[in-house]
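Student: 3D, please:
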Amino acid sequence: MKGIQFILQRKILIGLVTTLILILGSYAMIHMDEELMPPLSMDGGYINIEAAEQPAVEVERTITTPLERQIESIEGIKEVRSTSSDGRTSLQLAFERGKGDEAIKEVESLTNQLTSTLNVDRVEVGQYGTTQNYQFFLDLSGGDMEKMSEFATNTLEPRLEELPEVRDVDIIGIQNNEMVVQFDREKLQENGLQIDQVLPILQQIDEEATLGELSGEAGDLPLRWDLSIDNTSDLENLSIPTQSGPISLQDIATITLQPQEQSSYVWKNGAKEFLFAQVGGSANFTDIETAGAVREEIKAMEDEGLFDGFNLNEVVAQADYVEDSINGVTSNILIGGLIAIAILLIFLRNLRATFIISISIPTSILLTLTSMWMFDYSLNMLTLIGLGLGIGMMVDSSIVILESIYNKKENGLIGMEAVTSGIKEVATAVIASMLTTIVVFLPIGLLGGEMGQFMIILSIVVAITLISSVAISFTLIPSLAVNFLKLTKNKQRRKNGPILNFYERLVSWIVRKKRYSLSILVLFVAMFAGSLLLVTKIPMTIMPDVFNRYAELMIDVEEGLSQEDKQEIVRAVHDELNKIDDVDSNYVMDNGGMMYTIINMTKGDKITTEQKEVNEQIFKSLRSLEEEHPINNVASVMEAGGSSPVQVNIKGESFEQLQDLAKSFKAELEKIDGIVASQTSIDHTIEEQIIVLDQKALNEAGINQMQVRQIIEQSFLNQPIGELHIDQQDVPFLVTWDNPTDSKEAFFDIDVPTASGNEKLSSFVSLETVDTPNEINHVDGERYISVTADIEGRDLGSINRDVQKVVEDFKIPSGYDVTTAGDLEAQQQVIQEMLLILGIAIFLVYLVMAVQFNHLFHPLIVMSVIPMTVVGVILGLFLTQRELSVMSAMGIIMLIGIVLNNAILFITRTNQLRTNGMAVEEALIQSGKDRIRPIFMTSLTTAGGMLPLALASGSAGNYQAPMATVIISGLLFATFITLLLIPAIYRLFSRTKKKQKTKIESPVGETAM
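Tutor: Next up, the predicted model:
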């Protein structure tokens, strides 16, 4: 105890260190970054490739399969899944743990190298993470599209991108012009021209080049070739040579500068007369800083009067949800701390003692924040939840130490002697209790994927919080207790109250005979067995949703839809959403086969329905559109990147056999209650027209296959030539026909020049209609068919159990395999990992207690609390209907370390009394009387500190509440287990004829107040 004596002799030093902690902690709190989630890279990546108009089979053969073979050879690649569809392929990559950052670089390099030789339009390679590309969204509406487009291009985008807080700005829906040359087939023929004679002339216009240099008085002067065209008239008068002399381009074609047909659109509330802007923040700035800078710049533009006849509206700002989450968790921490202090005052009934203990809370918090700042942690939802969970536990060590000091003063010791003696009695128990709480977090590193990274951060923060609180309890608490802690004047020991008298009689009966102790054990075992029946009634999921009053959906539509078809879908979506009261606005962005949808909900006083119910109404309404509109699926963006929560993959050799098995399995899946929108990856096929050549007719006409192909390609002319600088802007330059070939009749009516004159194309070709798959799926290069479905009215866990039963009962031939994937697979993997972590945590706790007790059996008595604590956990989740998720599982692991502390104190006190010669029965009764108040104090302060988190309902509520609910319910139930079950088990396995040989440090003093 020389360290304690040194501390007590250096109270000025302790005061200065405490002041330094307050200053550094306050500085850290102000300067720490604020984020929704910490920036983490996941063990997963993606490759998205747009491949022009190639069919799914061709995409699979020329792009997907070669790319898969190359990627599988990269070190660190665990699994490759791909989906090939018309004009697009998407690969999902799973990396070995910790190898994603390096593997994605090789993947990007290899992909760019391979696709550089292929016919692809766009390649996107990335790694999944918590950081979003864009965090701030705006819309421009209510004005002329041309004016809004000009403002967005020339003012909004450049001014925002000049801000250091902004990385880039992406404007969607800008109205651009294009120069279109529509050739007249008849006029070309009248002038004896073929289209391939005119195209080279157009490709050479607007050329600028330096051809050489000429000497002059001022030196060498560059000689330039300049045929640039800067107006429509120059293009119309472009000279085209013919056999009868030159003609103008306008003699054979119509030239127009017209609005460009967009490849993708964005709609607001069903209308597309608006622009959508996405703002991405710079890496060195937080979302809050980016949002502040953008809002300030927008206000400056408004003050300058730049919004001419249109409105610039803020759609979504990630910063708002960051602030809402952080403010919500922070307020819960403050309220929890006040509740813990109030509980202490009720039990201690001594203002000085309450003040000494309660001062440890803010000091410990600021010391924790200082440590987090030094570790470069940010204030985010995970770190604040960890801090909130530690609030209640912060005072446990302070309570034990102060109570022991008070007891020594009550027994006649004073000043430094009372403090030193009091701390000496409980130091080992306090440190051991802290270690049992912290040691359960060590196996968290075994949890894979992004959830493992989340939980490691949470665990480290809780550990830092506990270590900080113990450090404060061994330094600040003794320094204050030396002189500031006073005994209550004329204090007399209060008589036992009715609760304590009842407990004494109950424990006396339990330990009187072993059969009574056995009956208590049987009762608790029966309660444990009965509680297991409620497990199936508890909703289960992987990670809880974050409710922030907006939703992001992906609407999967059929391939080949026209803009009119998509416009009709968007109108239907808006009409359905307009029927839901709490839906404020919606935005739909066309992304080819996917329509990305943002739904804003009412906020503040306008909220009438909880977001969970609003989400259910949205999904139910939009999925009802699948019957009447070409919609394949509606899913949340958070569900594995937009996939359905239920997914089962069927693999095998024969594709025809796979089709039959998929249809049969889908029928079985649809029998499960709660399964909706089930489909297979082959439900949707696309009709293709295959050109069949009549080789005999070709030979008789003296033409070959390549000539026919060239004629057909020219008939579908829609060719970009380049760009022209017209009216101070660069516009795309496109050539096409005035009457495009868009029907079978027009196709067969194409003229084919032969030696005997023009003949119709129908003389040489015919068309064969075939069905091709809409998409083709691979896993590690092997084809499979997926059966997917959505969930309505039930949780993922209960659905998972039913799906697993269908999989087990489903009969499949040899060589075929049926496995769950997606959320179902992820949930099973998480359950297995959490059970492994739980087992290792229990073993580590046993090791700590075995060292503390120097006994192999006593730790088992203490650990008997663990399975019985599950009863409280199950009851808590069942009564509140909180989801059993990774967050609540983390609460269970934390609970293991917490609930054992009271049992350790009980067993330690019993062993001390027996060492002093007391009989087993008397020792158990006296130990219960001595420990009932501190056990209730530590349990209630911990539960009270976490109560606001359990009742939280803000953006982070679904993350905090399950974990806090598990800890509170389990801890409160464990309190009764400690006071009743521990005496019963100790009595059953104790030897009454011999004194206990295990010697532990002297007991914690009796309750002071």
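
Student: the stretch 701-850 of the chain: helices as residue ranges?
Tutor: Read by DSSP state H, counting those that start in this stretch, the stretch 701-850 of the chain holds these helices, from start to end of the chain: 705-715, 744-748, 796-809, 822-853.

Student: who wins for proximity to P39 among the ones you listed?
Tutor: Taking C-beta to C-beta as the criterion, P39 comes closest to helix 822-853 out of these, the separation being 22.1 Å. C-beta here means a position set from N, CA and C on the backbone, and glycine is covered the same way.

Student: for the closest one, packing partners?
Tutor: Contacts of helix 822-853 with other secondary structure elements, assessed using 3 or more C-beta pairs under 8 Å, 6 or more residues apart in numbering; DSSP states H and E, are made with helix 415-439, strand 646-651, helix 796-809, helix 858-863, helix 886-915.

Student: please identify the most buried of the ones you listed.
Tutor: For the helices and strands packed on helix 822-853, the stretch with the most neighbours on average is helix 886-915, a mean of 25; neighbours defined as mean count of other C-beta atoms under 10 Å.

Student: starting at the chain centroid, how far to it?
Tutor: Here the centre of helix 886-915 is set off from its chain's centre by 33 Å, with C-alpha atoms, centre = their mean, to the nearest Å.

Student: ok and it relative to helix 415-439, angle-wise?
Tutor: Direction vectors for helix 886-915 and helix 415-439, defined by axes from the mean of the first three to the mean of the last three C-alpha atoms, to 10 degrees, enclose an angle of 140 degrees.

Student: what pLDDT, on average, does helix 886-915 get?
Tutor: Taken as a whole, helix 886-915 carries a mean pLDDT of 81.

Student: next: stretch 148-165.
Tutor: 92.

Student: buried ones in that stretch?
Tutor: Applying a neighbour-count criterion of 16 or more other C-beta atoms under 10 Å, the buried positions in stretch 148-165 are 148-149, 151-153, 156-157, 159-160, 163, 165.

Student: now tabulate the residues you listed in TSV and tack on distance to F906 and secondary structure.
Tutor: Written out in TSV, the entries for the buried residues of stretch 148-165 read as follows (distance: C-beta to C-beta, whole Å; DSSP: H, G, I helix; E, B strand; the rest coil):
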residue	distance to F906	secondary structure
M148	72	helix
S149	74	helix
F151	73	helix
A152	70	helix
T153	73	helix
L156	68	helix
E157	68	helix
R159	68	helix
L160	63	helix
L163	61	coil
E165	56	coil
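
Student: what's the closest of the residues you listed to S885?
Tutor: Ranking the buried residues of stretch 148-165 by separation from S885, with C-beta to C-beta as the measure, puts E165 on top at 34.8 Å.

Student: distance check, V851 against T83.
Tutor: Applying C-beta to C-beta, to the nearest Å, the value for V851 to T83 is 54 Å.

Student: if we can go back for a sec, for V765, which of the helices and strands packed on helix 822-853 is the nearest?
Tutor: Across the helices and strands packed on helix 822-853, V765 has its closest neighbour in strand 646-651 (38.5 Å, C-beta to C-beta).

Student: how far is that closest one from where the chain is centred?
Tutor: Shown here is strand 646-651, whose average C-alpha point lies 23 Å from the average C-alpha point of the whole chain (C-alpha atoms, centre = their mean).

Student: go ahead and name everything in contact with it.
Tutor: 658, 661-662, 665, 669, 675, 678, 777, 779, 782-791, 799, 803, 807, 812, 816-825 (C-beta atoms under 8 Å, 6 or more residues apart in numbering).

Student: rewinding a little: could the helices and strands packed on helix 822-853 go into a markdown table alongside distance to S141?
Tutor: Formatted as a markdown table, the helices and strands packed on helix 822-853 follow (distance: least, C-beta to C-beta, whole Å):
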| stretch | distance to S141 |
| --- | --- |
| helix 415-439 | 55 |
| strand 646-651 | 38 |
| helix 796-809 | 38 |
| helix 858-863 | 64 |
| helix 886-915 | 39 |
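
Student: give me the element the closest residue to H778 other than its chain neighbours is part of.
Tutor: Nearest non-adjacent residue to H778, counting by C-beta to C-beta, 6 or more residues apart in numbering: S82, 4.4 Å away. Assignment of secondary structure by DSSP states H and E places S82 within strand 77-85.

Student: quick one, that strand and strand 646-651 angle?
Tutor: Put simply, strand 77-85 runs at 90 degrees to strand 646-651, going by the same axes, to 10 degrees.

Student: show me what strand 77-85 is packed up against.
Tutor: By 3+ C-beta pairs under 8 Å, 6+ apart, strand 77-85 packs against helix 56-59, helix 65-71, strand 88-95, strand 775-779.

Student: for the second one, give the mean pLDDT please.
Tutor: The average of the pLDDT scores along helix 65-71 is 89.

Student: please apply the same query to the third one.
Tutor: Here strand 88-95 scores 88 as its mean pLDDT.

Student: what's the next secondary structure element after it?
Tutor: helix 100-115.

Student: got the angle between the longest helix along the chain and helix 822-853?
Tutor: When the chain is scanned for its longest helix (criterion: DSSP state H), the result is helix 449-483. Here helix 449-483 points in a direction 30 degrees away from that of helix 822-853 (the same axes, to 10 degrees).

Student: packing partners of helix 449-483?
Tutor: In terms of contacts (3+ C-beta pairs under 8 Å, 6+ apart), helix 449-483 is packed against helix 2-9, helix 11-31, strand 41-50, helix 351-358, helix 360-374, helix 381-410, helix 415-439, helix 886-915.

Student: how about that helix: buried residues?
Tutor: In helix 449-483, the ones that count as buried by 16+ other C-beta under 10 Å are 449-482.

Student: who are the contact partners of the closest residue in space to R295 that isn't next to it in sequence?
Tutor: Residue nearest to R295 in three dimensions, not counting chain neighbours: E314, with 7.7 Å by C-beta to C-beta, 6+ apart. Residues counted as contacts of E314 (C-beta under 8 Å, 6+ apart) are 136-138, 295.

Student: and the gap between E314 and K603?
Tutor: On the measure of C-beta to C-beta, E314 and K603 end up 13 Å apart.

Student: one more: A152?
Tutor: The spacing between A152 and K603, counted by C-beta to C-beta, is 27 Å.

Student: and if you look at N350?
Tutor: 46 Å.

Student: neighbour count winner among the two?
Tutor: Neighbours around N350 and K603, counted as other C-beta atoms under 10 Å, are more numerous at N350. The numbers are 21 against 14.

Student: show me the contacts for W509.
Tutor: The neighbours of W509, taking C-beta under 8 Å, 6+ apart as the test, are Y516.

Student: avg pLDDT for the helix or strand it falls within?
Tutor: Element membership for W509, per DSSP H and E: helix 498-512. The pLDDT scores in helix 498-512 average 86.

Student: show me which residues of that helix are buried.
Tutor: For helix 498-512, burial by neighbour count (16+ other C-beta under 10 Å) applies to 503-504, 506-508, 510-511.

Student: L249: which of the helices and strands packed on helix 449-483 is closest?
Tutor: Counting by C-beta to C-beta, and looking across all of those, nearest comes strand 41-50 at 32.6 Å.

Student: any idea of the angle the closest one forms with strand 77-85?
Tutor: Our comparison of strand 41-50 with strand 77-85, counting by the same axes, to 10 degrees, yields an angle of 30 degrees.

Student: export strand 41-50 to CSV, keeping only CA atoms.
Tutor: Extracted in CSV, the C-alpha atoms of strand 41-50 (Å, rounded to 0.1, in the frame of the first residue of the first chain):
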residue,chain,number,x,y,z
SER,A,41,-13.1,-0.6,-44.6
MET,A,42,-15.1,-3.9,-44.9
ASP,A,43,-13.9,-7.3,-46.0
GLY,A,44,-16.0,-7.0,-49.1
GLY,A,45,-15.8,-5.2,-52.5
TYR,A,46,-17.6,-4.9,-55.8
ILE,A,47,-17.0,-4.5,-59.5
ASN,A,48,-19.8,-3.0,-61.7
ILE,A,49,-19.3,-3.0,-65.5
GLU,A,50,-21.7,-1.5,-68.0
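
Student: sheet partners, orientation included, of it?
Tutor: Strand 41-50 has these partner strands in its sheet, going by DSSP bridges: strand 88-95 (antiparallel), strand 122-129 (antiparallel).
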